[in-house]
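can you look at this prediction? I've put the sequence above it.
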Amino acid sequence: MAKNLVLIGFMGTGKSTAGKQCARLLNRPFIDTDALIVERAGKPIPQIFADEGEAVFREWEQRVVAEIAAGENQVVSTGGGVMLNPNNVALLRASGCVVLLTAKTFAIMRRVGDCRTRPMLANVKDPYTHVVELNAKRAPYYELSADLLVDSTDRPVEEVVKEILERYEQTTARQAAEEER
Ligand code: S3P
């Protein structure tokens with residue numbers, strides 16, 4: 001069985017962009033938890049937050065993660081809050097290799113663009129400081145969930161993707177050898 005390649009990390013670390021390229025190069029389907037939620041819920045993420053609140057959005061996340069983790073041979077990009085839920089962590093870790101993408105705050109801000117379209121940043125006075133604080137609070141959860149860590153700051157996506165794929169192949173080969181022993 002080919003394990004899933006799961007990209008996790010804070011918003012603006014390049015998970016979706018890198019994930020799409022990894023999927024293309026591995027010739028596997030690409031699945032983005034946020035995109036699947038939008039499809040299932042029939043409305044955009046900011047609208048789910050506005051109409052039903054964050055708790056309902058997190059329930060959607062759990063549902064789509066359970067669905068995705070039951071599949072194999074996929075490249076998966078996760079929303080920045082997915083790995084704060086221990087059930088999601090257990091399911092995704094069991095389903096494959098988990099790669100944490102990190103980036104410095106200036107790179108995150110550049111990628112995030114208009115904060116008003118991001119529910120976690122839309123109503124804060126100082127988005128830069130909020131990103132620093134929220135990322136610092138979440139970093140231990142991300143790090144404990146990950147098999148590998150790749151930094152995307154100031155690097156072309158092709159280089160990030162190359163590193164992800166090389167280390168993913170090494171890790172899955174090592175894990176398979178250990179399982180055989
Ligand atoms: C969130 C990150 C977003 C999206 C939602 C909540 C978060 O995804 O799931 O707005 O809690 O960090 P990205 O990490 O893909 O931006």
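Received, thanks.

the ligand contacts on this protein?
11, 15, 34, 45, 79-81, 118-120 (Cβ under 6 Å from any ligand atom). C-beta here means a position set from N, CA and C on the backbone, and glycine is covered the same way.

quick one, helices of this structure?
15-26, 33-41, 45-52, 54-69, 86-95, 105-112, 127-145, 157-180 (DSSP state H).

what packs against the last one?
For helix 157-180, the elements it packs on are strand 4-8, helix 15-26, strand 96-102, strand 148-151, judged by 3 or more Cβ pairs under 8 Å, 6 or more residues apart in numbering; DSSP states H and E.

rerun that using 7 Å as the cut-off
Using 3 or more Cβ pairs under 7 Å, 6 or more residues apart in numbering; DSSP states H and E, the elements in contact with helix 157-180 are helix 15-26, strand 96-102, strand 148-151.

list every C-alpha atom in it, with coordinates, as CSV.
What follows is helix 157-180, C-alpha atoms only, in CSV (Å, rounded to 0.1, in the frame of the first residue of the first chain):
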residue,chain,number,x,y,z
VAL,A,157,8.4,26.1,-4.8
GLU,A,158,10.2,23.6,-7.1
GLU,A,159,13.1,23.4,-4.5
VAL,A,160,10.7,22.9,-1.6
VAL,A,161,8.9,20.2,-3.6
LYS,A,162,12.2,18.5,-4.4
GLU,A,163,13.1,18.4,-0.7
ILE,A,164,9.7,17.1,0.3
LEU,A,165,9.7,14.3,-2.2
GLU,A,166,13.3,13.2,-1.6
ARG,A,167,12.8,13.0,2.2
TYR,A,168,9.3,11.5,1.8
GLU,A,169,10.8,8.6,-0.3
GLN,A,170,13.6,8.1,2.2
THR,A,171,11.2,8.1,5.2
THR,A,172,8.6,5.7,3.6
ALA,A,173,11.4,3.3,2.5
ARG,A,174,12.8,3.3,6.0
GLN,A,175,9.3,2.8,7.6
ALA,A,176,8.6,-0.1,5.2
ALA,A,177,11.9,-1.8,6.0
GLU,A,178,11.2,-1.4,9.8
GLU,A,179,7.7,-2.9,9.3
GLU,A,180,9.2,-5.9,7.5
